[in-house]
Structures are given as C-alpha cells and as structure tokens.
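A.B. asks: Fold the stuff below for me.
(chains A and B)
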Amino acid sequence: MTTPAPNTSATISVLVENEAGVLARVIGLFSGRGYNIDSLTVAPVDDGRGRSRINIVTSGTEMVIEQIKAQLDRLVPVHRVSDLTREGPHIAREMALIKVCSTGNDRAEALRLADAFRARVVDATTGSFVFEMTGSTEKLDAFVELMRPLGLAEVSRTGVAAIARGTRVI
Amino acid sequence: MSQTLAAPAIPPAADLQSGAEVLLRALKDQGVEVIFGYPGGSVLPIYDAIFQQNAIRHILVRHEQAAVHAAEGYARSTGKVGVVLVTSGPGATNAVTGLVDALMDSIPVVCLTGQVPTHLIGNDAFQEADTTGITRPATKHNYLVKKSEDLARIVHEAFYVARSGRPGPVVIDLPKDILIGKAPYQAIPETPHRSYRPATDPDPAQIARAVAAMKAAKRPIVYFGGGVINAGAAGALTRFVRKTGFPCTGTLMGLGAYPSNDPQFLGMLGMHGTYEANLSMHGCDVMLNVGARFDDRVTGRLNAFSPGSTKIHVDIDPSSINKNVRVDIPVIGDAGVVLEALIAAWDAHPAPSDTQSVAAWWRQIAEWRGIDCLKFTQTQGRGDTIKPQYAVQRLYDITRELGRETFISTEVGQHQMWAAQYFRFDQPNHWMTSGGLGTMGYGLPAAMGVQIAHPDALVIDIAGEASILMNIQEMATLAQYRLPVKVFILNNQYMGMVRQWQELLHGGRYSESYSEALPDFVRLAEAFHGVGMRAESVDQLDDVIRAMIASPKAVIADICVDQKENCFPMIPSGAAHNEMILGAGHNQRAASITDEGLVLV
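C.D. replies: Numbering: from 1, shown residues only, chains lettered A, B, ... in the order given. Coordinates of the predicted model:
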C-alpha cells in the first residue's frame, strides 16, 4: 500500500445567495461526503445584493480539499469559492466569551492573565468573570487552556471569520 | 444585475392567473409536452388546470417512483427534460429513488411536488413531508415556492438548472395555497443566471496539451461515458476516434455513443467489460476520458488502475476531475465543444501521430480480442436449456434483421450486463439503464417513457424475474395508454447477480436469493390486458421473440434460462483490470479476492 497522503487544513470562504436552505446544502454536502468541518460561520454580508458569506475551516488531503472546493462551487446558489489558505496570505479571527467561576488567588490570577491576553471583562460578579476575547483560533485555545485550572466554567465561541490580506477580494 | 432580482412589476388583475395556471403556462413555454404523474390532495389545483387545457399530456402512472423513471426514459431517448408531477408527503417520498437515480446518471428531470399550504408547513399536517429537506441530497437543486410572484421564475430556473452543465433532477415544492392563489406570469428570462453558469468552452491551452500527448501516444485509448450522450456529441466522438485511428471503449452509460459494430470499438469496459477493453485500459500510455467519471465499476482497484498512463479527462463538472483518479490533463467543458476543439487541434498540430507504435498496439489488442471473452456455448438440441447470453443475442439479431428502430431498457442485475454485452448499439439515446444507482424496477417505467416519446418504435425492457416485480404495476399504465412495450424476462429464478456473488464470494450459501413463489408471468400479462408468452427451451426461443415483436400489444415474454449461468468476464471487487476472471471454457484461474475486496459491493 502507498502511504496515505497527509491531512492539511484549509480556510474556505464561500459567497452564497442569501436564501432558505443554502446553509443546509453546504452542511449536507460535508456530512454526505464525509468531509470534516472544524469551524463554520455564516452571516449576511451587507453588499445590498442579498448575499451571505460562509467561512469554513476544514481539513483533508490535498485531493479532498480540491474536491470540497469543486463540490461547493457547483451548488446552484454559490457565487464564489475562495480558498484563503492557498490563494495567498489571509487573516482569520474568532471571538469567544469565556466564563470563569473562582475566588481568591485563582480569581486574581485569571484576571491577570486576561489582562496579559488583552481579554475584556464584559461581566463580573463576586464569584465569576465573563471575558470577551478576539484573536486567532490558537490564541483563544491557549487562553482557554490557561483558564481551565482557574475555574473555567463555560466557553462560547463564534467560529472563524476570515478575509484575504491586501487588495484581493473574494 | 439579472432581472430576477428586480422587483417584478405587478400586472393588472386581469393578467393574474391561478398559480396552477401560471405553472402550466411556464411548462408550456419550456416546451413540455408530457408530464408523468399521480394526483393527490395537494396537487388537485394543478390537475384541475391540466383538465382544462390540451397542450400538455398527462400520463397517469401507478407509482410515483415509476413516474420519475418514465420521465428519465423520456429524457434519455429525446434529449429533452423529463417532467414529473406528484403529490405531497408519500407522493414525494416515493419519488426519491427515481430522483437519486437521475442524479447519479445525470438525467435532466423536473419534479413538481405538492406541499401542504404554507401556513401549515412544519405542523405535521396530513400528507406533509419535508420534501426539500429529504430531496436536498437527492437532487441537483430544489426549490420551495413560498411566494406567488416567485413561481414562474422558479419554474424557468428549474428547467435551466436541470439541463445545464451536468444535467440532473430538480424538485419544485409547491404549497397548495400558492397553486390556488393568483400569481403573475414571467417569461423565460434572457439574462444569465445570477450564480449558476457552468463553463462549456475548454481552455485552449489544455486542448493543446491533450493533443500533444495524444500525438505522441504509442498505446492510446479513448474511454467515453454518458456525458458524450448528454452533450449530443456522439457524432463528434465518432469522427475524432476515426480520425485518430485509436481504439475506444465505453462505459455502461456511454453505450451507443460510438457504433458498437465498428472495429475500433473494443466493447464495454469495467467490472463486466471485455478482456480487450480492460487490458487496453491497463496497458495504455495515453488515456482520453470523455464524459465518464472513473466510477468504481470501471476502475477496479484504484491503486492498480492503468498504471503509468497519461490521463486526459474531459468533463463538464469540475468536481469529477481528480475525484477518484488523479489526472494529468483536465479539460473542463462540454463534451461536444471539447471534441470539436480536439478535432481542430489534431488537424492543426504539425506532428504526425506515431502510427507505427499504434499499429503494434492494435496487434496486441487483436491478440487479446482473440481470447473471445464473450464466447459461450449454446447447444441446439430439442428441449435444450436457453443460455441467457444466447437469448439476448437472438433478440439483437432478430431486431436487427427486422430493421425497426429499437430502444432497449433494462432492470438491474445479470440480465443488464448481458444486455450491455450482447446487444450492440449503433446510435446514442437508444439504451436506457440505471448505471449509477443500480435501481431494480427501472426498466419497465423507463421503457414506458421511451414508448410515449417514440410511439412507433420497438421498445424492449430486458428484465430479470426479480427486478420486474419491483414496478410490475406499470403494466396497467401500458394497458391504459396502449403502449406496446415488450418485457423480455431472462428468468433464471434467482436474483442472479446476488446468486453469482454468493457463489463466488460467500461459499455458495444462496441466502435469500432464490425467487420463491414467482407469479405465472404469462397469466400476469393477461391479467394486465397484455399478451404473455414463454420460451422454455432453445427451439422455442426465436418463435417467441418474433411473436413478441409482432404483437401490437404490451407483451411479457418469459424466457426460462439456465439458472446457473454467471456473468463473465468479471473483475472481482478489489481486483485490478489485469486480474479479470473469464468464464467457463476459458483456461484461467480466478483472481483471489482479498478481505478488502469483500467489503466492496
């Protein structure tokens, strides 16, 4: 047997017609064909033309990533498919709300770390903080791990929004 | 911007018709002549509108699955879009198998499904099903019409989507209130679709690369599929193959795209393809794939598929490229446009082709052909058992001798493979079979659809005794519309392909594959107002075939064939092209089937 091809990650942005069922089509494509979804975000993008943008972080072999793009592109309501990972440098960000419930030293340490990570306190009680944090997936992961021994109670994340650097547009 | 996004001007009230009337008007403008359907509560307004017009004919089937297969047969034999009309809930769910069949085989179908009124959607109303949810992975695209002003636009768009690019089935879900309420009509838009615009013209650089590779080829092969037929490109394919002098082979879906009796045609390839076709695929140095998709029935074990060849893949669907097999020169475009470009570039290319090497390649192919992989032994004594291959061969010989235009459909299984091997097609659009999905019960309704489109032609469903029972109710439709479809059953009293795999792969344990308690097909035909006949031995075969063809009515011909006959040659699952098994009388040992192969179907 030949050795299996290595998996790589890809951040794909898809410009779609903002109509009922379009997200189900995209998700169904991934589940029906056995592709991974590591993160998915969708929202209307206000260009006055009734379009939404879906950002998908996926992983697979090069051949699978190419398949995913071709399969997305042939969906009828899809306008554009852009592989941000392969088409040039891009920025990917997500936002998280992180609830930490602790007292005493742990609480003080959580606040110090939040400050170092430039997380904002958006809610506080005597027994809890909710931090708001924006950044790369890796940065958010690192912060969440640091909070774990300090009373991490709950995490809510948006998933990745991504865009190409420079003048290039989808 | 496309006009579809502009707010539609509201016409004066006099111009407003009911949604059902607008629907029929849109269908008529799309050139629809026939609808295959079955009524029900939620589509009654459409049936009422159908009753009040004469432009569109409605064919009442006996099961919604059959409506879709009939529309597929109609579409495949005419090149038009087939149209289906079914009610909500069970009507729509029954149609799903047909829709997936059309999706897998890239057949243009528009399926209109009824739906409960918009205010009841989501309330688990009577005969409600989430049709767009259920059919999303079963169609190329689907629509739920929520506003009357969208109706006409959606119908036109559905036809465009069904027939453009890689064709496929499209569902339009129609809530009953939309059908009853007034709706404005919109003509067929002239502006391009806002997002779906598949490319048909190939990149000239890729054409040049493809021709350069083919000019240098020493052991070339052309491998064509159903895409050539969908593109109406059989003529261009034939010209190209003859011009190059290359050997060619076709998939199950492609049969008829190149004349089967031509010496450059090596027969069908794949699991039950010919020895010469498969070995040529294995040993070639340049492969041109036009409109086929490297299906697993064709490639066998992927990592042993045609090692060392330069692969050129022509397909209108970019997602077909590099899906199963890594290709060297992808050419995205319509098969007809691409073939014309290849012909022009071949003529313009300065280098001569390597005729000496190609001649040597032909000598090698002639040696493989000498094996005569499709040979079988039919004894001709009185009372001797009919070999199924012989039955198909005689059917072919007699229809050819009579010279009538003949269409063949099949069900799925051994008989389907024997039909593909022994019935030879010289024209496209005359062969309808369920290739991708492998739907038993496809052949009879598909033949019905063909006969509707070609009332004077001879339409034969080559069937098995198990498959035919899956949509046998359509015999009543044949009777109602006096459709003289011939059902030619190769009756071996087994689900033959299941039995064959059980013999070869499961130690001869024939679990549940015996066709117990079969009906008497002669009397069954008579019960459905048709003609039944039977051939029990080889001396009766020709007479039965001739009587069947001569009958002006629907006929079931029950051909009792050898129960133990297997379909050969065969590439066992998980094996490579050069590991094929030949039939009895050929001196070759079976390839061993690996565990990995056993999990494949």
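
A.B. asks: residues of stretch B:117-128 that come out buried?
C.D. replies: B:117, B:118, B:121, B:125, B:127, B:128 (16 or more other CB atoms under 10 Å in any protein chain shown). From N, CA and C alone the C-beta is placed, and that goes for glycine too.

A.B. asks: which other residues reach that stretch?
C.D. replies: Applying CB atoms under 8 Å, 6 or more residues apart in numbering or on different chains, the contact partners of stretch B:117-128 are B:40-42, B:87-91, B:115-116, B:146, B:175-178.

A.B. asks: how far does it stretch from start to finish?
C.D. replies: From its first residue to its last, stretch B:117-128 covers 10 Å (CA to CA, to the nearest Å).

A.B. asks: Not counting its neighbours along the chain, what's nearest the closest residue to chain A within chain B?
C.D. replies: Nearest residue of chain B to chain A (CB to the nearest CB) works out as residue B:319 at 3.7 Å. Once flanking residues are discounted, residue B:319 sits nearest to residue A:70: 3.7 Å by CB to CB, 6 or more residues apart in numbering or on different chains.

A.B. asks: three-state assignment of the one you found?
C.D. replies: Secondary structure, DSSP: H, G, I helix; E, B strand; the rest coil: residue A:70 is helix.

A.B. asks: Identify the residues contacting it.
C.D. replies: B:317, B:318, B:319, B:321.

A.B. asks: Just give me the neighbour total for residue B:384.
C.D. replies: Number of residues near residue B:384 (other CB atoms under 10 Å in any protein chain shown) recorded here: 13.

A.B. asks: Those residues of chain A touching chain B, which are they?
C.D. replies: With the criterion set to CB under 8 Å from any CB of the partner chain, chain A comes near chain B through A:1-2, A:16-17, A:20-21, A:24-25, A:28, A:32, A:49-50, A:63, A:66-67, A:70-71, A:73-79.

A.B. asks: among those, which ones are buried?
C.D. replies: Buried among these by 16+ other CB under 10 Å: A:16-17, A:21, A:25, A:66-67, A:70-71, A:74-79.

A.B. asks: Give me the phi and psi for residue B:313.
C.D. replies: Dihedral pair for residue B:313: phi -120, psi 120, per degrees, to the nearest 10.

A.B. asks: Just the pLDDT for it.
C.D. replies: On pLDDT, residue B:313 comes in at 98.

A.B. asks: how deep is the residue lying closest to it once chain neighbours are set aside tucked in, by neighbour count?
C.D. replies: Distances taken as CB to CB, 6+ apart put residue B:327 closest to residue B:313, at 4.2 Å, once the chain neighbours are dropped. Residue B:327 sits with 21 neighbouring residues when counted by other CB under 10 Å.

A.B. asks: farthest pair in the contacts of stretch B:117-128?
C.D. replies: B:90 and B:146 (22.5 Å; CB to CB).

A.B. asks: Would you reformat the buried ones among the residues of chain A next to chain B as a markdown table and include secondary structure?
C.D. replies: Converted to a markdown table, those look like this (three-state DSSP):
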| residue | secondary structure |
| --- | --- |
| A:16 | strand |
| A:17 | strand |
| A:21 | coil |
| A:25 | helix |
| A:66 | helix |
| A:67 | helix |
| A:70 | helix |
| A:71 | helix |
| A:74 | coil |
| A:75 | coil |
| A:76 | coil |
| A:77 | coil |
| A:78 | strand |
| A:79 | strand |
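
A.B. asks: just to revisit the earlier point, ok, and the most crowded of the contacts of stretch B:117-128?
C.D. replies: Counting neighbours by other CB under 10 Å, residue B:115 comes out on top of the contacts of stretch B:117-128 with 30 neighbours.

A.B. asks: Contact partners for it?
C.D. replies: By CB under 8 Å, 6+ apart, the contact list for residue B:115 reads B:42, B:88, B:121, B:128, B:131, B:144, B:173, B:174, B:175, B:176.

A.B. asks: and with 6 Å instead?
C.D. replies: Shown here is residue B:115, whose contacts under the criterion CB atoms under 6 Å, 6 or more residues apart in numbering or on different chains are B:88, B:173, B:174, B:175.

A.B. asks: and what of residue A:101?
C.D. replies: A:127, A:128, A:151, A:153.

A.B. asks: Could you measure from the second one over to residue A:96?
C.D. replies: Right, residue A:128. In this view, residue A:128 and residue A:96 are 16 Å apart by CB to CB, to the nearest Å.

A.B. asks: what sits up against stretch B:184-202?
C.D. replies: Stretch B:184-202 is contacted by residues A:17, A:76-77, A:79, B:2-3, B:11, B:22, B:25, B:29, B:149, B:152-153, B:156, B:164-165, B:331-334, B:337-338, B:341 when judged by CB under 6 Å, 6+ apart.

A.B. asks: can you give me the end-to-end distance of that stretch?
C.D. replies: End-to-end for stretch B:184-202, by CA to CA: 39 Å.

A.B. asks: before we move on, what about stretch B:171-182?
C.D. replies: 22 Å.

A.B. asks: and what of stretch B:23-40?
C.D. replies: Note: stretch B:23-40 ends 17 Å apart using CA to CA.
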